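# take a look and give me a structure for this.
(chains A, B, C and D)
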2 protein chains.
Amino acid sequence: MGRGKIEIKRIENVNNRVLTFSKRRNGLVKKAKEITVLCDAKVALIVFASNGKMTDYCCPSMDLGAMLDQYQKLSGNKLWDAKHENLSNEIDKIKKENDSLQLELRHLKGEDIQSLNLKNLMAVEHAVEHGLDKVRDHQARENDGRGESATQFPAVVSGSLLSANSCMRP
Amino acid sequence: MGRGKIEIKRIENVNNRVLTFSKRRNGLVKKAKEITVLCDAKVALIVFASNGKMTDYCCPSMDLGAMLDQYQKLSGNKLWDAKHENLSNEIDKIKKENDSLQLELRHLKGEDIQSLNLKNLMAVEHAVEHGLDKVRDHQARENDGRGESATQFPAVVSGSLLSANSCMRP
DNA sequence: TCACCTATCTATAACGC
DNA sequence: TGCGTTATAGATAGGTG
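Numbers count the residues shown, from 1 in each chain, chains lettered A, B, ... in the order given. Purely as a prediction, here's the structure:
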């Protein structure tokens, strides 16, 4: 419907495509409004331009939510039930992750360790030793940097704790 | 577009209205398809006739669920009910909890501690010391219980580590 | 109901500004 | 970028079989 006939295929010229989009989108919305009024129809329309910008129309007599409820009933398609399930699954997943983090945390704090076997207990010990080592090392450097020679925590070189511990061994 | 011009108002004659609906609905869907192809647009269209019969069209490149997700983001309208939002909020909450757990965990392992100030660093140190203490204590009791007197880790009474450490202080 | 017809109306492609 | 103009293609109102 214009000066020349066009094929229905992607318009390659960008400016042209954008221009045509704008015109046809307006036309589409207009037609949607018209059929709503003329024929007592209920219409919902959502259009995204290729740049992501959105236009929507929904008949005044029914809101989009109600239209979609009806859509789901009649089409059998599940829009939010599926979504709902996905969210629930995600919650379960994250909660499990959370639980295992909490347990690990408690272990590192020396809690709930009665359930650990010797091997795991040793692993926890090593982790904690290593952590303490790094913390003290960092603390030492903090103190050095500030030139605070008489702080509560003396500069302890990495590994010193283990040495201190080992001096108690037979 | 026909033998005579018509006003855009409800067509009172039922047969006429139904007929016009059928024609215009087809035209609307056709236009929706055309703009999809011509302009790379994403279009979703749902139409209910006054008798309740439904027609729908959704562009092939995005399913209706995804379109509606996008719609909600861009419009701010909430389609999924409160239940849904609650789930989303819960996910956000748990994720945040998760993040802070992970951070605490890294701190206890001596990672990412450069961001801590001295006070917090000391708190971490105490936590780790305490944890190590408990772990060793438990380990010791494990060994005692099994009668393994010559294990790699000697029985260390609670607090011994700190004593060992304190012997290095001035 | 449905399909087809066609005169007419509308949408819009290609311009210009 | 957006609005106005115009010639034309496409949609469709009303009619017929």
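# can you tell me which residues in chain A are near DNA strand C?
A:1-4, A:6, A:16, A:19-20, A:23-24, A:26-28, A:30-31, A:34 (CB under 7 Å from any atom of the strand). Using the backbone N, CA and C atoms, a C-beta is placed for each residue, glycine as well.
# who's in contact with A:Arg17?
A:10-11, A:50, B:38-40 (CB atoms under 8 Å, 6 or more residues apart in numbering or on different chains).
# filter the residues of chain A next to DNA strand C down to just the ones in helices.
A:16, A:19-20, A:23-24, A:26-28, A:30-31, A:34 (DSSP state H).
# picking up where we left off before, so which of the residues of chain A next to DNA strand C also contact DNA strand D?
Applying CB under 7 Å from any atom of the strand to these, one finds that A:1-4, A:6, A:31 fall near DNA strand D.
# stretch A:18-25: how far from the chain's middle?
Averaging C-alpha positions (CA atoms, centre = their mean, to the nearest Å) puts stretch A:18-25 34 Å from its chain's average.
# what residues does that stretch touch?
Outside stretch A:18-25, the residues that reach it (CB under 8 Å, 6+ apart) are A:11, A:47, A:49-51, A:55, B:31, B:34-35, B:38-39, B:41.
# wait, which of the residues of chain A next to DNA strand C is closest to A:Glu85?
Using CB to CB, A:Leu28 comes nearest to A:Glu85 of the residues of chain A next to DNA strand C, at 33.4 Å.
# tell me, how many residues neighbour the residue nearest to the closest one when sequence neighbours are not counted?
Among residues not flanking A:Leu28 along the chain, B:Lys31 sits closest, at 5.2 Å (CB to CB, 6 or more residues apart in numbering or on different chains). For B:Lys31, the neighbour count with other CB atoms under 10 Å in any protein chain shown is 19.
# swap in the one 5 residues further on?
By the measure other CB under 10 Å, the count of residues near B:Thr36 is 20.
# pull out the buried residues from the helix or strand containing it.
Element membership for B:Thr36, per DSSP states H and E: helix B:14-39. Across helix B:14-39, burial judged by 16 or more other CB atoms under 10 Å in any protein chain shown covers B:17-18, B:20-21, B:24-25, B:28-29, B:31-36, B:38-39.
# pLDDT of that helix, averaged?
The average pLDDT within helix B:14-39 is 93.
# what of stretch A:65-82?
Mean per-residue pLDDT for stretch A:65-82: 90.
# sec struct for A:Val47, please.
Following DSSP: H, G, I helix; E, B strand; the rest coil, we place A:Val47 in the strand state.
# which SS class is the closest residue to it other than its chain neighbours?
Of all residues not flanking A:Val47 in the chain, A:Thr55 sits nearest, at 4.7 Å (CB to CB, 6+ apart). Classification of A:Thr55 by three-state DSSP places it in strand.
# tell me which residues touch A:Thr55, please.
A:Thr55 neighbours (CB under 8 Å, 6+ apart): A:25, A:29, A:46-47, A:49.
# got it, and A:Gln72?
A:78-81.
# which residues of chain A fall in strands?
A:42-48, A:54-58 (DSSP state E).
# looking at those, which one is packed in the most?
Among the strands of chain A, ranked by average contacts under mean count of other CB atoms under 10 Å in any protein chain shown, first place goes to strand A:42-48 (a mean of 24).
# which residues are contacting that one?
A:25, A:28-29, A:32-33, A:35-36, A:54-59, A:61-62, A:64, A:67-68, B:28, B:32, B:35, B:41-48, B:62, B:67-68, B:70-71.
# what's around A:Ile113, how many residues?
Count around A:Ile113 with other CB under 10 Å applied: 21.
# no no, A:Asn77
The burial count for A:Asn77: 16, using other CB under 10 Å.
# got the contact list for it?
Contacts of A:Asn77 by CB under 8 Å, 6+ apart are A:71, B:64.
# gap between it and A:Leu87?
18 Å (CB to CB, to the nearest Å).
# re earlier: any idea which of the contacts of stretch A:18-25 is closest to B:Ile94?
A:Asn51 (34.9 Å).
# any idea how far the spatially closest residue to that closest one that is not a sequence neighbour is from DNA strand D?
In space, and not counting its chain neighbours, A:Asn51 is closest to A:Val18: 7.9 Å by CB to CB, 6+ apart. Counting by CB to the nearest atom of the strand, to the nearest Å, the gap from A:Val18 to DNA strand D is 6 Å.
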